[in-house]
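In: After the sequence you'll find the predicted model.
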Amino acid sequence: MNVSLTSADITTIDTGLLVLPIAGTETSEALLNVEKATGIEISTLAAEEQFKGEPGQDFLLRGVSNMGASRVLLVGIGTEDSREYDTLRAAGTSAARQAKASHVTNFTIVAPSDRAAALAMIEGAVLGTYHFDRFISKSDGDYAGFETLQIATQDDLSADLAERQTIIEGVNLARTLVNDTPNHMTPIAMAQKAKDIASEFGLKAKVLDESALESGGFNLIMGVGKGSDNPPRLIHLTYTPSGEVKRKIAFVGKGVTFDTGGYNLKPGGALLAMHSDMGGAAAVLGAARAIGELKPEGVEVHFVCPSAENSISGNAMRPQDIIRGYGKQTVEIHNTDAEGRLILADALAYIQEYEVDTIIDLATLTGACVVALGESTAGLFSSNDALSQSILDAAAACGEDIWRMPLNKKLDVLLDTPTADMKNVGPRWGGAITAALFLNRWVKIDGWAHLDIAGPAYTEKETSTNPPGGTGFAVATLVEFTKGVSNSL
């Protein structure tokens with residue numbers, strides 16, 4: 001979809017839907033101009049329907065004449081002192097949904113006068129145009145979708161808008177990777193998609209197939225993947241800046257393309273969303289796309305995605321198998337459904353060979369984290385206060401919810417077992433913490449953080465900013481974090 005800026009008189013813009021943000025009960029100059037052109041007291045009609053310009057409210061007027069638009073939509077954004085990033089973004093998404101419901105191919109948003117509010121609303125509108133329809137049969141005359149979004153503003157938002165669009169493309173890529181079905185989005189298909197991203201955006205690509213994984217000692221990745229006819233892969237993309245490399249960071253994403261639970265089989269209903277168990281890898285690849293296009297200076301970024309399908313066969317790993325990982329430590333398998341931490345362990349040990357100073361891993365890792373924080377918030381685990389704060393600041397800047405959790409070392413002993421260096425699960429209580437502590441055992445540098453994104457990476461129901469399916473959560477945070485590192489050099 002094309003997004004463009006216009007400074008034209010809003011009453012003359014040829015558009016299927018004109019969207020006016022309304023800040024509480026404040027008088028809107030744009031609305032006054034529309035009322036003057038149409039001769040309709042739109043604010044009075046809206047008030048009769050209890051529209052008060054509050055976040056989450058909208059009012060649609062059809063059949064408008066004497067203007068370039070035949071429909072006018074009022075969306076509430078609240079007063080300036082009550083606005084939040086999420087509500088502004090949701091207002092933009094609401095506008096896109098109304099445009100879609102009206103089957104218009106183009107719509108126009110009058111940007112709020114506040115620059116930050118305008119960008120948040122535009123971001124929500126562009127995100128709101130996303131839909132995953134790869135497998136839906138189409139007939140002649142079906143709604144063709146969006147073609148153009150115009151932003152009516154007197155400000156020059158072009159540079160900011162271009163950057164936001166790049167990040168949104170990364171978010172939408174992650175959404176699509178998660179939404180794709182497990183019979184199509186296999187580890188091999190994910191690796192090919194990563195190669196395509198590398199080719200298009202100037203990244204270096206390295207993919208280890210099952211032979212290379214086996215000969216290289218990536219036994220935990222192989223252990224998870226060997227029960228499937230779709231063999232595992234280790235994906236490694238690298239962004240290198242044009243100038244001097246002053247920092248090296250790595251993003252490591254769990255890429256389980258489908259998770260049956262293995263011999264610790266999941267119950268039937270829990271299997272329906274298990275194609276989303278690669279949400280961490282999807283976020284990392286979405287960030288790779290955006291960072292490859294934005295090209296931050298001074299920072300080398302590694303994007304690592306261990307990918308496997310956790311299935312069942314006579315060759316699948318079993319409870320109480322003992323496997324030696326790439327980091328030379330041994331793991332006794334106590335639960336085959338705790339597979340994500342296994343493939344991450346190999347990837348974490350591997351990427352430290354590249355002398356990175358910072359690692360952030362992302363995974364739809366534990367239901368325990370969802371129980372603790374709900375479906376909208378990711379858990380952050382790290383012993384590094386400065387790194388944790390940088391991640392929290394990056395998340396806040398782009399409207400993603402992340403909450404720092406305790407990495408309580410007292411629980412580390414719960415991973416001990418008399419027959420191996422560790423087991424892959426602790427007891428039920430504190431499950432998100434012991435999962436993070438398991439990963440921490442494979443990390444030898446101080447600059448490490450783990451994000452458990454099990455809650456926000458996927459939604460079964462439509463939310464204020466996401467359709468059902470993958471959300472692309474954490475793409476924006478990773479990009480914002482990288483920009484912060486680059487800007488600090």
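Out: That came through, no problem.
In: count of neighbours near residue 239?
Out: 23 (other CB atoms under 10 Å). C-beta coordinates here come from the backbone N, C-alpha and C atoms, glycine included.
In: Identify the residues contacting it.
Out: 202, 203, 288, 291, 292, 295, 300, 301, 302, 303 (CB atoms under 8 Å, 6 or more residues apart in numbering).
In: pretty sure the fourth one belongs to a helix, no?
Out: Just to be clear, that refers to residue 291. Yes: according to DSSP: H, G, I helix; E, B strand; the rest coil, residue 291 belongs to a helix.
In: Please tell me I have it right and it contacts residue 297.
Out: No: using CB atoms under 8 Å, residue 291 makes no contact with residue 297, being 11.6 Å away.
In: What sits closest to residue 13 if chain neighbours are left out?
Out: Computed as CB to CB, 6 or more residues apart in numbering, the closest residue to residue 13 that is not its neighbour in sequence is residue 68, at 4.7 Å.
In: The one you found and residue 221, how far apart?
Out: 57 Å (CB to CB, to the nearest Å).
In: about what we covered before: who's more crowded, residue 291 and residue 297?
Out: residue 291 (27 against 13).
In: Show the contacting residues for the more buried one.
Out: Residue 291 neighbours (CB under 8 Å, 6+ apart): 239, 301, 478, 479, 482.
In: From the contacts of residue 239, list the buried ones, please.
Out: 203, 288, 291, 292, 300, 301, 302, 303 (16 or more other CB atoms under 10 Å).
In: Distance from the longest helix that the chain contains to the middle of the chain?
Out: Identified as the longest helix of the chain according to DSSP state H is helix 158-179. Centre-to-centre, helix 158-179 and its host chain are 10 Å apart (CA atoms, centre = their mean, to the nearest Å).
In: In terms of secondary structure, what does the helix or strand following that helix contact?
Out: Counting by DSSP states H and E, the next helix or strand C-terminal to helix 158-179 is helix 187-201. With contacts taken as 3 or more CB pairs under 8 Å, 6 or more residues apart in numbering; DSSP states H and E, helix 187-201 sits against helix 158-179, strand 204-208, strand 233-239, strand 255-259, helix 279-294, strand 299-310.
In: quick check: domain ranges of this structure?
Out: Residue ranges for the domains of the chain, per automatic domain parsing: 2-156, 165-487.
In: Ends of the longest one, what's the gap?
Out: Okay, so that is domain 165-487. One end of domain 165-487 to the other measures 20 Å (CA to CA, to the nearest Å).
In: Kindly provide the whole-number mean pLDDT of it.
Out: For domain 165-487, mean pLDDT is 97.
In: ditto for the shortest one
Out: This predicted structure assigns domain 2-156 an average pLDDT of 93.
In: any idea how far that domain is from the chain center?
Out: 25 Å.
In: before we move on, what about stretch 261-269?
Out: For stretch 261-269 - counting by CA atoms, centre = their mean - the centre lies 26 Å from the chain centre.
In: just stretch 260-279 next, same as before
Out: 20 Å.
In: Can you give the contact residues for that stretch?
Out: 174, 177-178, 180-182, 185, 190, 224, 227, 253-259, 307, 310-312, 316-319, 335-337, 339-340, 362-364, 453, 457-458, 460, 469-470, 473.
In: And stretch 475-487, by the same measure?
Out: 167, 170-171, 174, 247, 249, 251, 283-284, 286-287, 290-291, 294, 296-299, 301, 358, 360, 362, 390-391, 393-395, 397-400, 402.
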